[in-house]
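> Prediction below, plus the sequence it came from.
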Amino acid sequence: MKEPKSKIEQLKGKLEKGGKLSDIGISVPSMDVKDYIRVLRLARKPSRDEFMMIGKVSMAGIALIGIIGFLIYVLLTELPRAL
């Protein structure tokens, strides 16, 4: 009796047989230039206040992720030594 294939093996088999991306449930984004031009027309340069706020929020997020990573590192390296 054959073992059932995993999802990844099934997808690989479909692609090797010349299947299309839509056959495996992957949708390809539209390459219509009109959509990109519309987005560029709506875009505008941020004001100085908006730019500074984006910078502050980004720096706070980077710092928070760094602190969490450092705490995990310390727990995984120092805690086993203490036990």
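Here it is on my side, so go on. All of these numbers come straight from a predicted model, not from anything done at the bench. Numbering: from 1, shown residues only.
> What's the mean pLDDT across the helix or strand Leu76 falls within?
Following DSSP states H and E, one finds Leu76 within helix 48-82. Helix 48-82 comes out with an average pLDDT of 95.
> Spell out which residues make up each domain of this protein.
Using automatic domain parsing, the domain parsing of the chain gives 1-43, 45-83.
> buried set for the last one?
Yep, that's domain 45-83 we're talking about. Across domain 45-83, burial judged by 16 or more other Cβ atoms under 10 Å covers no residue at all. C-beta here means a position set from N, CA and C on the backbone, and glycine is covered the same way.
> Send me stretch 40-60 as CSV with only the CA atoms.
Taking C-alpha atoms only, stretch 40-60 is exported to CSV below (Å, rounded to 0.1, in the frame of the first residue of the first chain):
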residue,chain,number,x,y,z
LEU,A,40,2.0,56.8,-7.9
ARG,A,41,-0.5,59.6,-8.7
LEU,A,42,-2.1,59.2,-5.2
ALA,A,43,1.2,59.1,-3.4
ARG,A,44,2.6,62.3,-1.9
LYS,A,45,5.7,63.3,-0.1
PRO,A,46,5.2,63.1,3.7
SER,A,47,5.4,66.3,5.8
ARG,A,48,8.3,66.7,8.2
ASP,A,49,6.1,65.8,11.2
GLU,A,50,4.8,62.6,9.5
PHE,A,51,8.3,61.6,8.6
MET,A,52,9.6,62.2,12.1
MET,A,53,6.7,60.2,13.6
ILE,A,54,7.3,57.3,11.2
GLY,A,55,11.0,57.4,12.2
LYS,A,56,10.2,57.3,15.9
VAL,A,57,7.8,54.5,15.6
SER,A,58,10.2,52.5,13.5
MET,A,59,13.1,53.0,16.0
ALA,A,60,10.8,52.0,18.9
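> which residues sit against it?
Residues from elsewhere that reach stretch 40-60 (Cβ atoms under 8 Å, 6 or more residues apart in numbering): none.
> Would you quantify the distance from Ile54 to Ile65?
Ile54 sits 17 Å away from Ile65, going by Cβ to Cβ, to the nearest Å.
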